[in-house]
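Student: only geometry, no sequence info:
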């Protein structure tokens, strides 16, 4: 368990938080492009997904570099990540490009880790994102990108993402067992 950067006293709506919120608002646009049977719909959805994924990298970098970490950011950033990834995964299931059980495994891990974080927070402890959790997110984004653009190996990358998802979830559970066993 590690500590999050100190929260700044500056206003909650800063550039990093605006980038996180933009990620949430880009999700419906991505879904529209995927659901409409228009020429280049997948490409347009993929571009929106990439832009949204880049906002994830940018918001964290800017917040840490410029001391702009806020409670709103701590809340909205991981939520925006989950909304983006889950929406893309569900859309891929609907398009019959991804088996639903893989999405169930990934979503289950998110619920488990979020629940663990809530229990820890009730004890006054913040469970920061681990390197495994970050690797999980990056692998999921790469897999979704490959599947949206029809790049060969997308399903193999999704398997890697699923394995990292399970591994990082187990890592969180092992490290957080003290909160679960109280």
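Tutor: All right, it came through fine. As the structure is a prediction and not an experimental result, all values here were calculated from the model.

Student: hey, let's count contacts and neighbours off CA atoms from now on
Tutor: Noted.

Student: and the one helix or strand residue 166 maps to, what's buried?
Tutor: Per DSSP states H and E, residue 166 falls inside helix 154-175. Within helix 154-175, the residues that count as buried by 16 or more other Cα atoms under 10 Å are 154-155, 157-173.

Student: packing partners of the lowest-mean-pLDDT helix or strand in the chain?
Tutor: Least confident helix or strand of the chain, by mean pLDDT, DSSP states H and E, is helix 177-180 with a mean of 80. Identification of packing neighbours for helix 177-180 by 3 or more Cα pairs under 8 Å, 6 or more residues apart in numbering; DSSP states H and E yields helix 100-122.

Student: give me the most central residue, the chain.
Tutor: Geometric centre of the chain, nearest residue: residue 81, 3.0 Å, by Cα atoms, centre = their mean.

Student: now do the same end-to-end measure for stretch 91-99.
Tutor: In stretch 91-99, first residue to last residue: 11 Å (Cα to Cα, to the nearest Å).

Student: buried sites along it?
Tutor: Buried residues in stretch 91-99 (16+ other Cα under 10 Å): 91-93, 97-98.

Student: distance to residue 44 for the residues you listed - can I get that in TSV?
Tutor: Output for those, formatted as TSV (distance: Cα to Cα, whole Å):
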residue	distance to residue 44
91	14
92	15
93	18
97	17
98	19
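
Student: now, which of these lie within helices?
Tutor: 91-93 (DSSP state H).

Student: between the residues you listed, which is nearest residue 126?
Tutor: For those, the residue nearest residue 126 by Cα to Cα is residue 91; the value is 32.1 Å.

Student: just the pLDDT for the closest one.
Tutor: What the model reports as pLDDT for residue 91 is 96.

Student: now do residue 54
Tutor: Per-residue confidence (pLDDT) for residue 54: 94.

Student: and if you look at residue 34?
Tutor: 92.

Student: mind starting the numbering at 62 from now?
Tutor: From this message on, residue numbering opens at 62, which makes the last subject residue 95.

Student: does it count as helix, strand or coil?
Tutor: Counting by DSSP: H, G, I helix; E, B strand; the rest coil, the backbone at residue 95 sits in helix.

Student: sort out which residues of stretch 156-173 are buried, please.
Tutor: 158-159, 163-164, 167-168, 170-171.

Student: hmm, who's touching stretch 99-113?
Tutor: With contacts defined as Cα atoms under 8 Å, 6 or more residues apart in numbering, stretch 99-113 is touched by 83-84, 87-88, 90-96, 145, 206, 209-210.

Student: please apply the same query to stretch 162-178.
Tutor: 147, 150-151, 187-188, 223, 226-227, 230, 233-234, 237, 240-241.

Student: which pair of those spans the longest distance?
Tutor: Across the contacts of stretch 162-178, the longest distance by Cα to Cα is 31.6 Å; it joins 151 and 240.

Student: OK, contacts around residue 151?
Tutor: Contacts here follow Cα under 8 Å, 6+ apart; on that basis residue 151 touches 161, 164.
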